[in-house]
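Novice: Build me a model:
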Amino acid sequence: MIPQHTIAAAVLMKLPDLLPPLQNIIHHPFILFRNGQAQLIMTPGYHWESGHYLDLPEQNIRTDLTIKECLAILDDIYGEFPFQGRSSYANFIGIHNGQYLAEARKPLLLVDKATTQSGASILADGMSHTMLNGEPAKMTPVDGIGENEKILGSVLRQRPNVLIIDNVDHHFNLPTLTSGMTSNFIAVRMLGQNSMIQIPNRLQIIMTGNNPSFRRDLANRSVYVRLDPGIADPETRTHFRHDLQNREHLLSLRPRLLDALTSLATHWINAGAPRRTPAYPLGSYKDFMECVQGMLDLFGIEGFQENRTEFIEKADSFQGDLEGFMLTWLNTYDTTEQKASELSKLLTDPDTGRDNFAWTCNGDSANGRQKSFSDLINSLVGKIYELEIPGQPGAVQTIQVSKTKKGRRRVFKLSRLDARPVEAQANSINGTITELPGQILETNPAPAAPSQNGHEPTQLLPTTGIRNTPE
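Specialist: Modelled structure (predicted):
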């Protein structure tokens, strides 16, 4: 019997001009921009102009609710979650409304929680189920970047619209996802093969975690929501208006939610689809962020991105730990070659036995921790650090991480490049990681500004203060 996918491939080869391209399957009304004008698509079926297929079983979705009525519906469904401050609530509602921007790249939504049982996973499920009218794609991180990359590849091959990365703990790093989030396509490796495939990037990624740590590159691609119940045992809370853990009840809320979101989209379009630049615009997502800020201003929701400084400080705490580790490496082994297993000994204080750098310890077992650490060390190869020289105020040591193969072993070493006064540095002395070839250094990088020549805006590279200028 011939496999179905073989038959489908043969049909596509024979009839390329008779079958229209299918860009995406969308499960809620969506907004398209054509010739500078915004239009709301609500008719189910294939939309020839965009290539999207609208799978919308609901009939008579309302577009005439007032803004006040819409916000009351959103507050009824989500208002009992313990959002920390108005910014977390505004960020969540902004990303939720932004799902109607079908063709825009979307930043990651990070739902951080102060304690377990704060409702982060329930909030992510609530938003996803109602927008998809079904189950979102999910993955739970395991030990090791390589294993997570394999899981991610198998999930993305299904081409989901929403991906929930649930219960992230300790330091999280997925290079494929981080680099692909700012591109129109994400390159993933086929499971069990060496070949790569390009997946169109239409993802809304929602990540939940209990006080996780992040590299700055991921923070530059994220909008931050913090949940804090303010009590030691959030599980004791009762008497909620809605049981969002009940899938049937969750989906029963979808018609009301679509009425509210579609009416809000209609108000925004009727007002001329205004755009506003948020306080922290995230240059890689300029169109999306400006549209969302324009929506929230029109709806009277304040606080969008106000908690950005707090979020960046969390990312910078990881950066500080990384700098401390590099300095310890330099002071202990200087420029001699070392195995990853030897370098991992630097993680433990010899006097107390406690972890010096907890950000590497995202494994539950000794093998898992070692695998995670090896992945991290490999990710640093080819990069440069500028570190303060102890005891020499006003000077920095520039070092580079390299890897070589000795027989069956791989060894790592640091190379001293130069030592210069701080005043001579183009970058800060805070251990900023930089890429060597073909990059332009800048001090204290801000989000990319819009291009004046019509090309893509300049994008920040992962964890760097360096900009990759499009050709």
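Novice: what's the spacing between the residue most central in space within the chain and residue 256?
Specialist: Geometric centre of the chain, nearest residue: residue 108, 3.3 Å, by Cα atoms, centre = their mean. Distance check for residue 108 against residue 256: by Cβ to Cβ, to the nearest Å, it reads 27 Å. No exception for glycine: its C-beta is placed from N, CA and C like everyone else's.
Novice: confidence score at residue 320?
Specialist: On the pLDDT scale, residue 320 is placed at 65.
Novice: Give me the buried positions along stretch 51-65.
Specialist: Under the neighbour-count criterion of 16 or more other Cβ atoms under 10 Å, stretch 51-65 has 52, 53, 54, 56, 58, 63, 65 buried.
Novice: Tell me the first helix or strand C-terminal of the helix or strand harbouring residue 130.
Specialist: Per DSSP states H and E: residue 130 is located in helix 120-132. Reading on from helix 120-132 to the C-terminus, the next helix or strand found by DSSP H and E is strand 137-139.
Novice: mind checking the end-to-end distance for stretch 102-111?
Specialist: Using Cα to Cα, to the nearest Å, the end-to-end distance of stretch 102-111 comes to 22 Å.
Novice: got a pLDDT number for residue 203?
Specialist: For residue 203, the pLDDT comes out at 88.
Novice: Which other helices and strands does the helix holding residue 130 contact?
Specialist: On a contact count with 3 or more Cβ pairs under 8 Å, 6 or more residues apart in numbering; DSSP states H and E, helix 120-132 meets helix 67-78, helix 85-98, strand 108-113, strand 162-168, strand 204-210, strand 222-227, helix 247-252, helix 254-270.
Novice: strand partners of the helix or strand following the fifth one, parallel vs antiparallel please.
Specialist: Next in sequence after strand 204-210, counting helices and strands by DSSP H and E, comes strand 213-214. Here the strand partners of strand 213-214, with direction, are listed using DSSP bridges: strand 171-172 (parallel).
Novice: Any idea how far the following helix or strand past the partner strand is from the middle of the chain?
Specialist: The first helix or strand that comes after strand 171-172 along the chain, using DSSP H and E, is helix 175-180. Averaged C-alpha coordinates place helix 175-180 at 9 Å from its chain's average position (Cα atoms, centre = their mean, to the nearest Å).
Novice: could you point out which element follows helix 175-180?
Specialist: Counting by DSSP H and E, what follows helix 175-180 is strand 185-189.
Novice: Is residue 64 located within a strand, as I assumed?
Specialist: No. Counting by DSSP: H, G, I helix; E, B strand; the rest coil, residue 64 is not part of a strand but coil.
Novice: what would the buried residues of stretch 51-65 look like in CSV with secondary structure?
Specialist: Shown next, in CSV, are those (three-state DSSP):
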residue, secondary structure
52, strand
53, strand
54, strand
56, coil
58, coil
63, coil
65, coil
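Novice: Max pairwise distance over those: which two?
Specialist: Greatest spatial distance in those: 53 and 65, 26.5 Å, computed using Cβ to Cβ.
Novice: The closest residue to residue 92 other than its chain neighbours: neighbour count?
Specialist: Excluding its sequence neighbours, the residue lying closest to residue 92 (Cβ to Cβ, 6 or more residues apart in numbering) is residue 225, at 5.0 Å. Neighbourhood size, residue 225 [other Cβ atoms under 10 Å]: 28.
Novice: With the one 4 residues further on instead?
Specialist: The local packing of residue 229 (other Cβ under 10 Å) involves 19 other residues.
Novice: In terms of helices and strands, where is it?
Specialist: Using DSSP H and E, residue 229 sits in no helix or strand.
Novice: How much space separates it from residue 250?
Specialist: With distances taken as Cβ to Cβ, residue 229 is found 21 Å from residue 250.
Novice: show me where pLDDT drops low in the stretch 51-200 of the chain?
Specialist: 143-145, 170-173, 189-195 (pLDDT under 70).
Novice: Neighbours of residue 116, how many?
Specialist: 11.
Novice: Same check on residue 332?
Specialist: When counting by other Cβ under 10 Å, one arrives at 13 neighbours for residue 332.
Novice: Format the buried residues of stretch 51-65 as CSV; extra columns: distance to residue 220.
Specialist: CSV is the format used below for these (distance: Cβ to Cβ, whole Å):
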residue, distance to residue 220
52, 29
53, 33
54, 33
56, 34
58, 37
63, 36
65, 36
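Novice: Just the mean pLDDT for stretch 10-25, thanks.
Specialist: On average, stretch 10-25 scores 76.
Novice: err, stretch 261-273, not the other one
Specialist: Averaging pLDDT along stretch 261-273 yields 97.
Novice: same check, this time on stretch 337-346
Specialist: Mean per-residue pLDDT for stretch 337-346: 86.
Novice: cool, stretch 408-424 as well?
Specialist: For stretch 408-424, the per-residue pLDDT averages 71.
Novice: circling back: identify, from the buried residues of stretch 51-65, the entry nearest to residue 202.
Specialist: Using Cβ to Cβ, those come closest to residue 202 at residue 52, 9.5 Å.
Novice: didn't that closest one look like it was pressed against residue 21?
Specialist: No. Residue 52 is beyond contact range of residue 21, at 10.1 Å (criterion: Cβ atoms under 8 Å).
Novice: Where does pLDDT dip in the stretch 351-471 of the chain?
Specialist: In the stretch 351-471 of the chain (pLDDT under 70), the answer is 351-372, 390, 418-471.
Novice: mind redoing it with 50?
Specialist: Counting by pLDDT under 50, the stretch 351-471 of the chain contains low-confidence ranges at 359-360, 421-471.
Novice: what number of residues lie near residue 98?
Specialist: Neighbour count of residue 98, defined by other Cβ under 10 Å: 22.
Novice: Actually, residue 336.
Specialist: Counted with other Cβ under 10 Å, residue 336 comes out at 10.
Novice: Repeat that for residue 308.
Specialist: What residue 308 shows, counting by other Cβ under 10 Å, is a neighbour count of 19.
Novice: What backbone torsions are found at the spatially closest residue to it that is not a sequence neighbour?
Specialist: Among residues not flanking residue 308 along the chain, residue 280 sits closest, at 4.2 Å (Cβ to Cβ, 6+ apart). With angles defined as degrees, to the nearest 10, residue 280 shows backbone torsions of phi -130, psi 90.
Novice: count of neighbours near residue 280?
Specialist: 20.
Novice: Then residue 80?
Specialist: Residues within reach of residue 80, counting by other Cβ under 10 Å, total 15.
Novice: Need the pLDDT of the nearest residue to it once chain neighbours are set aside.
Specialist: Excluding its sequence neighbours, the residue lying closest to residue 80 (Cβ to Cβ, 6+ apart) is residue 240, at 5.6 Å. Looking at residue 240, its pLDDT is 75.
Novice: what separates residue 240 from residue 75, distance-wise?
Specialist: To residue 75, residue 240 is 14 Å away according to Cβ to Cβ.
Novice: And for residue 65?
Specialist: Residue 65 is 14 Å from residue 75, by Cβ to Cβ.
Novice: likewise residue 285?
Specialist: Taking Cβ to Cβ, one finds residue 285 at 26 Å from residue 75.
Novice: and those two? which has more neighbours close in?
Specialist: residue 285 (26 against 13).
Novice: so who does the residue nearest to the more buried one when sequence neighbours are not counted touch?
Specialist: For residue 285, ignoring the flanking residues on the chain, the nearest one in space by Cβ to Cβ, 6+ apart is residue 107 at 4.8 Å. Shown in contact with residue 107 (Cβ atoms under 8 Å, 6 or more residues apart in numbering): 95, 181, 221, 222, 223, 282, 284, 285, 288, 289.
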